[in-house]
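Undergrad: Below are the sequence and a predicted model; questions follow.
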Amino acid sequence: MNETGRILTVEGNHVTVKLAALNCFGCMNRECKKNDGIISAINPAGLLLEKGQLVKVEIKTPTLAAQGLKAALPPVIGFAAAYIFTRFFTSMGEGLRILLGLIIMAVFGALFYMFRSRFPAKIAASVTGIEEIGEAC
């Protein structure tokens, strides 16, 4: 994800940025959309940043992929664990085992969602450059 945004606050190496446009249709980042495009980012290059500047903000594709994998794994692990565990109950049919696996998958997904809501992922966005005033139009 590469976006342009305006700096709202600068606190040391961390900045708060309001993204210029929220038209990233492929992105499922509801937190970004829910917060009206306001995200936190780090300034790894040590750029001299000031409130009101236009900056380029980036989240690297491998980081996004890793976050997606972390979100997808708990439900899949829950399904696999339930499906394997129910194998020890010989009176259960295949359909019931699959149904229990799907239920546990939904429970693990909901638990992970609640966990991530309470303990959000660390800042993944970084400021990669300063936009010139003419470039933002």
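TA: Cool, the structure landed. Residues are numbered from 1 along each chain as shown.
Undergrad: For this structure, which segments count as helices?
TA: Counting by DSSP state H, the chain has helices at residues 30-34, 61-85, 94-118.
Undergrad: Quick one: those as a markdown table, columns for mean pLDDT too.
TA: Formatted as a markdown table, the helices of the chain follow (pLDDT from 0 to 100):
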| stretch | mean pLDDT |
| --- | --- |
| helix 30-34 | 59 |
| helix 61-85 | 87 |
| helix 94-118 | 91 |
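Undergrad: In CSV, list these along with distance to residue 51 and mean neighbour count.
TA: Backbone N, C-alpha and C define where each C-beta goes, glycine included. As requested, the helices of the chain are exported to CSV (distance: least, CB to CB, whole Å; neighbours: other CB atoms under 10 Å):
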stretch, distance to residue 51, mean neighbour count
helix 30-34, 20, 12
helix 61-85, 26, 14
helix 94-118, 29, 14
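Undergrad: could you say what helices and strands the longest strand out of those in the chain packs with?
TA: For the chain, the strand that runs over the most residues, judged by DSSP state E, is strand 2-11. Under the contact criterion of 3 or more CB pairs under 8 Å, 6 or more residues apart in numbering; DSSP states H and E, strand 2-11 touches strand 14-19, strand 54-58.
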